[in-house]
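Student: When you get a sec, could you give me coordinates for this:
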Amino acid sequence: VSYVIRDEVEKYNRNGVNALQLDPALNRLFTAGRDSIIRIWSVNQHKQDPYIASMEHHTDWVNDIVLCCNGKTLISASSDTTVKVWNAHKGFCMSTLRTHKDYVKALAYAKDKELVASAGLDRQIFLWDVNTLTALTASNNTVTTSSLSGNKDSIYSLAMNQMGTVIVSGSTEKVLRVWDPRTCAKLMKLKGHTDNVKALLLNRDGTQCLSGSSDGTIRLWSLGQQRCIATYRVHDEGVWALQVNEAFTHVYSGGRDRKIYCTDLRNPDIRVLICEEKAPVLKMELDRSADPPPALWVATTKSSVNKWTLKGIHNFRSSGDYDNDCTNPIPPLCTQPDQVIKGGASIIQCHILNDKRHILTKDTNNNVAYWDVLK
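Tutor: Below you'll find the predicted structure:
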């Protein structure tokens, strides 16, 4: 018997936030939580209450989300082993894909082809045509999928270029495996990392790949040369999240050490410490409403999501005042976030009383509550 302790309407993320997606056209941010709920927020700073809606259907952590079809469709991946297809504007679940046999950890999206890939701990990668998924109905509910096999270990990261010609996976095998999603042919295996590969990015034409690993490094790979062409040692601990600008010249990185850096890929000595979060960084999302990007949204193992401004970063970089000396670190560019989407407290301890009916709980704000499971 399982018993869920929660409010009828859970407006706030109750735990860490695993994934973010920004819809700049509608000024909306989607957050995917460890509390199994996807929430929609207004990022209009003039709104007092940013909460718009909750999308509830998953029964375990939501690990990744991607916005497709110009923001009309959202695809989600969860530890409940399902991939779900949502109407992003109206917030309801349209269909559930049950192809995976274990936690689904990562999604990748090719915008030009409306193609989505899903991968997870079952070592499988499945390819989905988004237009087919959105056309599913109760009577027409069969969907065909291509699969990419060959991974020897659990997959934690996935990337596909915009044109849908290259797909890369990262795993506890510590290598990057590369396929052509059009033919499902294996192209190569790239070795270099010494720990789990947690984050991947591809440039538009699929010739270069960025990877972030629990070994603390970021690597830049040439897929044409089939080798690592640069290694960036920016962080003290594992790199769990990456974002890159449109030109693929500057990488934004975050991870276990809670620090977020911007590094010039052409000159690795030039890096700026943007900010320091209060918890390990799980995911980042660049605001791409302008170029250079004006802001960065950051999700951590805590329930709040922060927006950090990047407005002074380019002057900072050109002035030569940057962190290229780890022995004498400079203060972060930002000390306070520009905007905060506040999270709620999560239960960290519980005790069932002797009558087996009442429960005591303690949350992250040190609040103690008394519950009657029969009410």
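Student: Could you use CA atoms for every contact and neighbour count after this?
Tutor: OK.
Student: host element of Ile274?
Tutor: Using DSSP states H and E, Ile274 sits in strand 271-276.
Student: Mean confidence (pLDDT) on that strand, please.
Tutor: In this model, strand 271-276 has a mean pLDDT of 96.
Student: Paired strands for it, with orientation please.
Tutor: strand 259-264 (antiparallel) (DSSP bridges).
Student: list the buried ones in the strand it pairs with?
Tutor: 259-264 (16 or more other C-alpha atoms under 10 Å).
Student: By mean pLDDT, point me to the weakest helix or strand of the chain.
Tutor: In the chain, the helix or strand scored least confidently by mean pLDDT, DSSP states H and E is helix 313-318, which has a mean of 63.
Student: follow-up on the earlier one: show the subsequent helix or strand relative to the strand holding Ile274.
Tutor: strand 281-287.
Student: Could you figure out how far that next one is turned away from strand 259-264?
Tutor: Orientation check (axes from the mean of the first three to the mean of the last three C-alpha atoms, to 10 degrees): strand 281-287 against strand 259-264 gives 50 degrees.
Student: If you count contacts, what does strand 281-287 end up packed against?
Tutor: Packed against strand 281-287 by the contact rule (3 or more C-alpha pairs under 8 Å, 6 or more residues apart in numbering; DSSP states H and E) you find strand 17-23, strand 239-244, strand 250-255, strand 295-300.
Student: Same list, these, but as CSV with distance to Pro331, mean neighbour count and mean pLDDT please.
Tutor: Shown next, in CSV, are these (distance: least, C-alpha to C-alpha, whole Å; neighbours: other C-alpha atoms under 10 Å; pLDDT from 0 to 100):
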stretch, distance to Pro331, mean neighbour count, mean pLDDT
strand 17-23, 26, 25, 98
strand 239-244, 20, 26, 99
strand 250-255, 16, 24, 98
strand 295-300, 18, 23, 98
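Student: export these to TSV and tack on distance to Asn141?
Tutor: Shown next, in TSV, are the helices and strands packed on strand 281-287 (distance: least, C-alpha to C-alpha, whole Å):
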stretch	distance to Asn141
strand 17-23	27
strand 239-244	35
strand 250-255	39
strand 295-300	34
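Student: among those strands, which is nearest Ala88?
Tutor: strand 17-23 (9.9 Å; C-alpha to C-alpha).
Student: Could you list every helix and strand that the closest one packs against?
Tutor: strand 28-33, strand 62-68, strand 281-287, strand 295-300.
Student: so which of those comes closest to Thr96?
Tutor: Among these, strand 62-68 comes nearest to Thr96, with 13.6 Å by C-alpha to C-alpha.
Student: Neighbouring strands - and their directions - for that closest one?
Tutor: Strand 62-68 has these strand partners (DSSP bridges): strand 73-78 (antiparallel).
Student: that older thread, any chance of the helices and strands packed on strand 17-23 in a markdown table, plus distance to Leu115?
Tutor: Output for the helices and strands packed on strand 17-23, formatted as a markdown table (distance: least, C-alpha to C-alpha, whole Å):
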| stretch | distance to Leu115 |
| --- | --- |
| strand 28-33 | 20 |
| strand 62-68 | 9 |
| strand 281-287 | 20 |
| strand 295-300 | 25 |
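Student: which sections of the stretch 1-150 of the chain are below the confidence cut-off?
Tutor: 1, 138 (pLDDT under 70).
Student: Break down it into its helices, ranges please.
Tutor: 130-134 (DSSP state H, counting those that start in this stretch).
Student: Could you report the neighbour count for Gln45?
Tutor: 12 (other C-alpha atoms under 10 Å).
Student: Please tell me I have it right and it contacts Val340.
Tutor: No. Taking contacts as C-alpha atoms under 8 Å, Gln45 lies outside contact range of Val340: 9.6 Å.
Student: care to break this structure down by domain?
Tutor: Residue ranges for each domain of the chain read 17-347, 348-375, as given by automatic domain parsing.
Student: highest average neighbour count across those?
Tutor: Compared across those, domain 17-347 shows the largest average neighbour count, a mean of 19 (mean count of other C-alpha atoms under 10 Å).
Student: Span of that one from start to end?
Tutor: 15 Å (C-alpha to C-alpha, to the nearest Å).
Student: next one: stretch 88-96
Tutor: First residue to last in stretch 88-96 (C-alpha to C-alpha) measures 15 Å.
Student: on that earlier part again, of the helices and strands packed on strand 17-23, which is nearest Ala117?
Tutor: Per C-alpha to C-alpha, nearest to Ala117 of these: strand 62-68, 10.2 Å.
Student: contacts for the closest one?
Tutor: The contact list for strand 62-68, computed with C-alpha atoms under 8 Å, 6 or more residues apart in numbering, reads 18-21, 23, 32-38, 73-79, 88, 104-109, 111, 114, 130.
Student: Cool, thanks, talk later.
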